[in-house]
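Undergrad: quick one, structure for this:
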Amino acid sequence: MSDRDGWWNLFRWDGQEVRAIAPITGECAAEPWELGYASYDFLDDGRIAVAVQQGPRHRLVLVDQRGAVSPVDLPYTSIKPYVAAHGKTVALIASSSTAAPQVVLVHLTEGEPRLQVLARSEHAQLAGTAVSTPTELRVQVAEGREVVALVYAPTGSGPAWRAPVIVRAHPGPTASCLLRLDWQAQFFTSRGFAVVDVDYLGSTGYGRAFRESLYGRWGLDDVADCRAVAEHLLAAGRTVPGQVFIRGAS
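TA: I've put the predicted structure just below:
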């Protein structure tokens, strides 16, 4: 893996030079400070299964020996970088905005992939619980930049909702927001709050230049981006002054 061309991609060394196998405008590896992960593995027919992150979304792709990239149609939007392959089967920890992380086998037989869920993280009684699914918000910030945020409206609210807002800054700081079922967010949205996750400057999923732009600017540009998203929500009438909170971790 190398991000020498601006994105974490697979490269091959032939003994003389290094070449990109299949250039993808997406991150084929986790954040550089995360260790012990595996974002790809080899099938027995020589293809490579790769988890690719683009913004807050992940997808699974297959790369053949010629470098051709084929997407695998899955009902998931987030894939943990613990990809493991055996034969023509890929094991994943995957989730979506309505499904918490689960261990699943993706059988890549002829035709559509067949899914086999081995384990779910939530209790069976939560299966029918109403949840808030996020919408993607793009906000113009300083210097003409754009940041992406995931907005969770209060559970059961209509399109014209107005509520107290919790803006969350992800840890890292070069981690990212993930489009997956987050029970902490659901705790607050089920109690009348809106929750907003911000992929501020420095987040993974937007290329090397975006990630490294935060270097030496920690606590400045990331905070400014979260504030810009909060001010956008205020201007849009989604909330009112005195009812906006910004929190983070790590």
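
Undergrad: helices of the protein, start to end?
TA: Using DSSP state H, the helices found in the chain span residues 183-189, 208-212, 221-235.

Undergrad: and of these, who's closest to Arg120?
TA: Of all those, helix 183-189 sits nearest to Arg120, with 12.8 Å by Cβ to Cβ. For the C-beta atoms, the positions are set from N, CA and C on the backbone; glycine is no exception.

Undergrad: any idea of the mean pLDDT for that closest one?
TA: The pLDDT scores in helix 183-189 average 95.

Undergrad: next, the buried residues of it.
TA: Buried residues in helix 183-189, counted by 16 or more other Cβ atoms under 10 Å: Ala185, Gln186, Phe188, Thr189.

Undergrad: correct me if wrong: the third one contacts Val167.
TA: Right, the one you point to is Phe188. No. Assessed by Cβ atoms under 8 Å, Phe188 is found out of contact with Val167, at 11.6 Å.

Undergrad: ok so, going back, format the helices of the chain as CSV; extra columns: distance to Gly87.
TA: Formatted as CSV, these follow (distance: least, Cβ to Cβ, whole Å):
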stretch, distance to Gly87
helix 183-189, 34
helix 208-212, 34
helix 221-235, 43
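
Undergrad: tell me the most buried of these?
TA: Most buried of the helices of the chain, by mean neighbour count (mean count of other Cβ atoms under 10 Å): helix 221-235, with a mean of 19.

Undergrad: return the alpha-carbon coordinates of that helix using PDB.
TA: Output of helix 221-235 as PDB, limited to C-alpha atoms (Å, rounded to 0.1, in the frame of the first residue of the first chain):
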ATOM      1  CA  ASP A 221      -9.000  24.000  11.400                       C
ATOM      2  CA  ASP A 222     -10.900  20.900  12.800                       C
ATOM      3  CA  VAL A 223     -12.600  23.100  15.400                       C
ATOM      4  CA  ALA A 224     -13.400  25.800  12.700                       C
ATOM      5  CA  ASP A 225     -15.000  23.200  10.400                       C
ATOM      6  CA  CYS A 226     -17.200  21.900  13.200                       C
ATOM      7  CA  ARG A 227     -18.200  25.500  14.000                       C
ATOM      8  CA  ALA A 228     -18.900  26.200  10.400                       C
ATOM      9  CA  VAL A 229     -21.300  23.200  10.200                       C
ATOM     10  CA  ALA A 230     -23.000  24.400  13.400                       C
ATOM     11  CA  GLU A 231     -23.400  27.900  12.000                       C
ATOM     12  CA  HIS A 232     -24.800  26.400   8.800                       C
ATOM     13  CA  LEU A 233     -27.500  24.600  10.700                       C
ATOM     14  CA  LEU A 234     -28.300  27.700  12.700                       C
ATOM     15  CA  ALA A 235     -28.700  29.700   9.500                       C
END
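
Undergrad: which residues touch it?
TA: Residues from elsewhere that reach helix 221-235 (Cβ atoms under 8 Å, 6 or more residues apart in numbering): 137, 139-142, 147, 149, 151, 165, 167, 169, 173, 194, 196, 198, 200-202, 213-214, 239-241, 244, 246.
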